[in-house]
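*Asks:* Using only what follows, build the 3D model:
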Amino acid sequence: MKFVFNSQKLKLKKKFNFLLAAGFSSVMIFGTARPSYAADITFQFSTSKTGTAPFTGDDNPGNDSSETNNIVRTLDIITYKWDYAVNNGDANNTILTATISSDQEWTGIPPACNTAGSSIAINPTTGAQTLTCDVGKIRSGSNGFIEATARVIGQRPDNSFVGNGDIVTADGTFTADGTSTATDDTVETIVSATPKADLRKPRVSIQGQAKGRDGTTDGLILRYPINITVAGGKGSEPLVGDINITDTFLYDDDNNTATPPVPLPSAEIYNWRSGEPGCGWLDQTNRLRYGGYPYGRLTNRNGTPYSTPERAAADSGTWTCTQSGAGQPININITGANTTGNHVPTRSYNNRSLPANMTYLVSGVIELWVPTQVVLDNGGDIRVTNRLSQLDNKGVSGQTNNDPTNVNGNDNNIDRDGNNNEYTFVLIAARGSFNQYYANNINQRGTRMPEMTSLNSGDGPVMPTQNFTKHLYGANNGVVDWEDYKYCEKFDNRTHILTPLPDNPASAVKVFNVGSYRYVIEYGTGDENGNPGTYSSYTAQQQAICEDDDSADGWFTDIRTVPGGVDKITKIRFRALDPVPPNARMDLAVNFTARNFEPGTTTKIPDGTILANFSAVSTPTLGFTQGTRSDRRDGWYLGSYNPETHGGTKIWGDRLFLTRAIVRIDKETSPNDSIDNIRTGDTVTFALNTSVNSVLDPAPVNPNVVVRDILPKELTYIPGSASLPPTSVTENPDGTTTILWDLGQKVPNQPIPQITFDARAKFDVPNNTDAVNTAIIESPDDGSPESTRTDRRTVTIGNVAAFGIFKDVEENLIEPENVGVFKLLYANTGTSDVGPGVFIDALPYPTDGRTPATTYKGTMEFASITGTNGETFEFTKVDPNNINPDPNHPSNQSGGSTVWCTQAQFGNAGCPANNAEITGTKMFTPPFPQNTPTREVVLTVDLKNNERGNIYTNNFSGRVEGLIGLLQSNDVSVYVRLPTNLLLIKRITAINGNPINNIVDDPNTTDDNNPNWPNNYLKGNINGGKVKPGDSIEYTVYFLSNGDSDANNVNICDLVPPNTKFIEAGFNGSTPVSASGLPGANIGIALERFGNLEYLTSPKDGDKGSYLTAGTASNVNCFGTNDNGAVIVNIGNLSRTGFGGTPSAAYGLIRFVVKVQ
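*Replies:* Numbering: from 1, shown residues only. Sure thing, here's the model as predicted:
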């Protein structure tokens, strides 16, 4: 219902008649009629959605069939909505509020609200939560809405539970300066709930061996997680009473999966180690942990809250686990568990993401012990099942819990009975774990190389001649010896070679603690077939093995004795001379160096070349090494790693990328990466932090660097806003915008100034849209993947308008005697279809009162107006001062003072005779369905005999059927461009090294008084006073690009004054020095642009400055003869200070020193 008000305050409560049954089979709601008042503000508060997908086929307890049935499940979302229309004046300092009952919680402040004035407050007495949304100014003629979401919780702050059939409520208000507070009826929604907690035992982990309760019997420890979740995350009631579970450990005594398993007589809960309980909530003890699941409660075992509550369940209760004897069922009693689902963990305790459609109520762990001999007696493997009883507690409404039997089947292990309360697997006596990864040096175990995202990430860069390490790891975590164990490491010696250890020139492999068994490390040569050479392809390298005949020259334990030396080695073999016993391991580090040149040549290996390594393992003890298929052959397991895609099994392969430079970028919002939400029409500042790094000193190259920022289609770049003017700005066909900066050469490991720029959210962006801005840095010398040189920043855009109109121009700046092209854009940004519209556009005229005001010489004549969506047009010749912008105004109706005519009616009484007489247009638009593209109409005017600096400002307004109030667009202008104007000011800024910081005014020119110079920038004297031979004089030339056009390819020439000599080493020792100059050359010129000062070499080389000796010709006009030398500096492109320019990028200075002769 709507509430319309001016000076009266009105509030009516809805009357509800409803029939409520267990299944909500019938709900009838009747609302009272509301009288209508003429008013400035029309306001309505309602629900737009009660629930979120997926929905069910009925509304039985715990179910919800749609988002519009006024029913919501517990732990689900209600979307509340403020609708409003503002007319006859702006609504300034608008505040919206919504207060929800204590059985709900707000999910956050909507993006459409201004963060500074918005808040969520909780009433300490009632538990009700009030969301205050600071909207700020809502312009007259606006029709809009704002939505906010609240979650229905399972337990109120007073500890009462939320159950099936409860009613949750909300009340909304609208307040603005000078108005009364608008309210609407209380919104009520019915809760649907049933207990449907899911008891799960989804996996197992073998934790190695341990002695039995008698202290002598060997056994294996099996660790299982035990979870209680709400499948789908919504619709559940809290459970009441203690939770009692029976845990039975079973096995196939006849090795026949078709017969039921029976209890394993010797299985026990492992509770005799140091008095630990053997079961409990996750992290109750150091042993009771399981990766991939949340902590069992919000506070640790000492009662201190975890710093990462998103990694914890609310409270998994107190666990007591008892077993009457070996092989008997284990009784698990849990008291005090919080099963409301109010708190939703989103990450596991070890920071892995949790399924989005699952709420963890209880998170625990149990450990079981099984004698090793049981497995060995069964031939080395045994099929075991750990089964939990069904969870049959009652919920708060008295309904019995329905423990699902097959929920999220892809995530759970569904066994013989189709029940995720159990887990079945084959317990094997022979087991092993393996891994390999790159590290920065031979001693850095467990760490990654610089710029590598994570271990085994496959995105690490390595520089030519850089030393690095490959760590290889294997562990026998079974209960039997590994017989005839061999491990093979294969690498391409054309891209990287072995490097002797600093303390052992005979070896390139460092061995860490491996246990008591004997071993040998051997080096081999040749290709995948044991022939001389190297591998023919990645596939061949992956398929290679390390048997005795697989090395072309045999196997060697000393790299110095390998024929051809380390250059020829392509594989390494670790061979155990004894059986590898349980709990023993292989722990190696291989020392490599990346090549710079292709072997035997001076041809550089291209940047981006992949350095690929593959591993393989062989032992008949491990069954997975046997058989023949793509990942195994001849008793070797090869894995399936693919270095081109970094796909397959990454514990058997990895890659690096050769690169001579490491360029990286970080993207954030300014200030301090604090802006996450904006509204349509708002401006957001992005900051680009770039770096050029090298792990080698000196660096291999000073790379050329280019930065690309790809603005999403929802954002528009604001010209002139960049702290560093872009090299180019390109609007792409898909609506995105590419902003490019060519930064030129950069010196590695030196700071690079931050780049900032502004973007504006477009008017037609749907509410709550995520706009993802992508920044990419690149260099021909950086061969690392683009993903490592890319960063993204998302801002969420809120739109408070249900329908938007916007005025734009084809070009802001035009030349004289050109056309002005205006765009009339309109969009349905709401959630409903809207009807036809009528809009009026009065052409620019000198007294239009728009911002900025129209002012021009000559004539302006209507040329054309076109649309592409069935728009039709009428025209008038009435004095534009008398055109009312509201189509509903009496003057715009039939018989009104403003006569509107079609083109076919031109020449009739009151109608324009031709285009020259047209002063305004009226546009009729067809209906506009929701979720359809923005529409555009183009208005063109001819501009004759105008002058530079003229301004033409335009807007339009109108009404749309189904929306209340007048819609008014923004003002937008076409400017007639002013020409480029470069100002030069020269000062003496030091004598004999003593700086002169005076600010003086030159009476002979006004150029130094231009307001676009930064304050106190023009330091120095015009007259330096008396000097004598041998004195040094520092000259500074200040430059400023003044006008409406950029100054491109600017070159400045300054002739060295007579009776002085240019000091070529005038700035030797100063930093930073341009990376483009000749290394070791004298430094004699300083250049400051965009606030960055760099020093240039005196000779003519690759940087932007040079000194020409007397008589040397210059390709720059020096406006005089080079009789005593000249300083030439290529400034490059300077921004304009006029319309759309970047003043900070329009000025700078050059500086040099001379000696008096």
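*Asks:* count of neighbours near Asn1059?
*Replies:* 11 (other C-beta atoms under 10 Å). Heads up, the C-betas are built off the backbone N, CA and C, glycines and all.
*Asks:* going forward can the numbers begin at 44, since that is how I track them
*Replies:* Sounds good: first residue 44 from here, last item Asn1102.
*Asks:* Tell me, how many residues neighbour the residue nearest to Cys944 when sequence neighbours are not counted?
*Replies:* Distances taken as C-beta to C-beta, 6 or more residues apart in numbering put Cys954 closest to Cys944, at 3.6 Å, once the chain neighbours are dropped. Neighbours of Cys954 under the rule other C-beta under 10 Å: 20.
*Asks:* residues in contact with Cys954?
*Replies:* By C-beta atoms under 8 Å, 6 or more residues apart in numbering, the contact set of Cys954 is Phe918, Lys920, Val942, Cys944, Gln948.
*Asks:* The residues you listed: which two are farthest apart?
*Replies:* Taking C-beta to C-beta, the two most distant members of the contacts of Cys954 are Lys920 and Gln948; they sit 11.6 Å apart.
*Asks:* Show me which of these two is the more surrounded one.
*Replies:* Each of Lys920 and Gln948 has its neighbours counted (other C-beta under 10 Å); Lys920 has more, 19 against 15.
*Asks:* What residues does that one make contact with?
*Replies:* If you count contacts by C-beta under 8 Å, 6+ apart, Lys920 has them with Val942, Gly953, Cys954, Pro955, Ala956, Glu960, Ile961, Thr962.
*Asks:* Look up how far Val413 lies from it.
*Replies:* To Val413, Lys920 is 97 Å away according to C-beta to C-beta, to the nearest Å.
*Asks:* Which secondary structure state is assigned to the closest residue to Ala583 other than its chain neighbours?
*Replies:* Residue nearest to Ala583 in three dimensions, not counting chain neighbours: Glu571, with 4.0 Å by C-beta to C-beta, 6+ apart. Glu571 falls in the coil class when you classify it by DSSP: H, G, I helix; E, B strand; the rest coil.
*Asks:* Paired strands for the strand or helix carrying Thr759, with orientation please.
*Replies:* Following DSSP states H and E, one finds Thr759 within strand 758-760. Applying DSSP bridges, strand 758-760 is found paired with strand 798-804 (antiparallel).
*Asks:* Strands along the stretch 944-1093 of the chain, start to end?
*Replies:* 963-968, 978-987, 994-997, 1000-1003, 1010-1011, 1015-1019, 1024-1034, 1037-1038, 1075-1085, 1090-1098 (DSSP state E, counting those that start in this stretch).
*Asks:* next one: the third one to chain centre, how far?
*Replies:* It stands for strand 994-997. Relative to its chain's centre, strand 994-997 lies at 39 Å (C-alpha atoms, centre = their mean, to the nearest Å).
*Asks:* Just the buried positions in it, please.
*Replies:* For strand 994-997, a neighbour-count test (16 or more other C-beta atoms under 10 Å) marks Ile994, Tyr995, Thr996, Asn997 as buried.
*Asks:* show me what contacts the second one?
*Replies:* Going by C-beta under 8 Å, 6+ apart, Tyr995 touches Gly863, Pro887, Thr897, Tyr899, Met903, Val984, Leu986, Ser1016, Val1017.
*Asks:* And the lowest mean pLDDT element among the helices and strands of this structure?
*Replies:* strand 46-48 (a mean of 34; mean pLDDT, DSSP states H and E).
*Asks:* now the strands for the stretch 1094-1200 of the chain?
*Replies:* Here the stretch 1094-1200 of the chain has its strands, by DSSP E, counting those that start in this stretch, at 1103-1105, 1126-1132, 1135-1140, 1148-1151, 1169-1177, 1190-1199.
*Asks:* To Asn445, which of those lies closest?
*Replies:* strand 1135-1140 (67.8 Å).
*Asks:* chain center to that closest one, what's the gap?
*Replies:* With C-alpha atoms, centre = their mean, you get 36 Å for strand 1135-1140.
*Asks:* Which positions within it qualify as buried?
*Replies:* Glu1137, Tyr1138, Leu1139, Thr1140.
*Asks:* shaky segments in this protein?
*Replies:* 44-83, 131, 184, 448-462 (pLDDT under 70).
*Asks:* mind giving me the domain split of it?
*Replies:* Following the TED database, the chain resolves into domains at 83-235, 240-471, 475-700, 705-841, 846-1019, 1025-1199.
*Asks:* so how far is the last one off the chain centroid?
*Replies:* Just to be clear, that refers to domain 1025-1199. Relative to the centre of its chain, domain 1025-1199 is centred 43 Å away, using C-alpha atoms, centre = their mean.
*Asks:* Over to the shortest one?
*Replies:* Counting by C-alpha atoms, centre = their mean, domain 705-841 is centred 12 Å from the centre of its parent chain.
*Asks:* Then the longest one?
*Replies:* Using C-alpha atoms, centre = their mean, the distance from the centre of domain 240-471 to the centre of the chain it belongs to is 36 Å.
*Asks:* Repeat that for stretch 525-532.
*Replies:* 44 Å.
*Asks:* Assess the claim that Val735 and Arg703 are in contact.
*Replies:* No - judged on C-beta atoms under 8 Å, Val735 makes no contact with Arg703 at a distance of 11.2 Å.
*Asks:* who touches both of these two?
*Replies:* Pro746.
*Asks:* Who has more neighbours out of those two?
*Replies:* Remark: of Val735 and Arg703, Val735 carries more neighbours, 27 against 24, as counted by other C-beta under 10 Å.
*Asks:* Excluding chain neighbours, give the residue nearest to the more buried one in space.
*Replies:* Nearest one to Val735, counting by C-beta to C-beta, 6+ apart, is Lys789 at 4.5 Å.
*Asks:* how near is that neighbour to Arg703?
*Replies:* 13 Å.
*Asks:* Need the overlap of contacts for these two.
*Replies:* Shared contacts of Lys789 and Arg703, counting by C-beta under 8 Å, 6+ apart, come down to Pro746.
*Asks:* about what we covered before: following element in sequence after the strand holding Thr759, please.
*Replies:* Scanning forward in sequence from strand 758-760 by DSSP H and E, the next helix or strand is strand 771-774.
*Asks:* mind listing what that next one pairs with, with the direction of each?
*Replies:* By DSSP bridges, strand 771-774 pairs with strand 780-788 (antiparallel).
*Asks:* and stretch 1053-1071, which residues are buried?
*Replies:* When burial is assessed from 16+ other C-beta under 10 Å, stretch 1053-1071 yields the following buried residues: Asn1053, Asn1055, Trp1056, Leu1061, Lys1062, Gly1063, Gly1067, Val1070.
*Asks:* how close does the spatially closest residue to the fifth one that is not a sequence neighbour sit to Cys1096?
*Replies:* Okay, so that is Lys1062. In space, and not counting its chain neighbours, Lys1062 is closest to Asn1040: 5.0 Å by C-beta to C-beta, 6+ apart. For Asn1040, the distance to Cys1096 equals 27 Å [C-beta to C-beta].
*Asks:* Likewise for Arg628?
*Replies:* Counting by C-beta to C-beta, the gap from Arg628 to Cys1096 is 72 Å.
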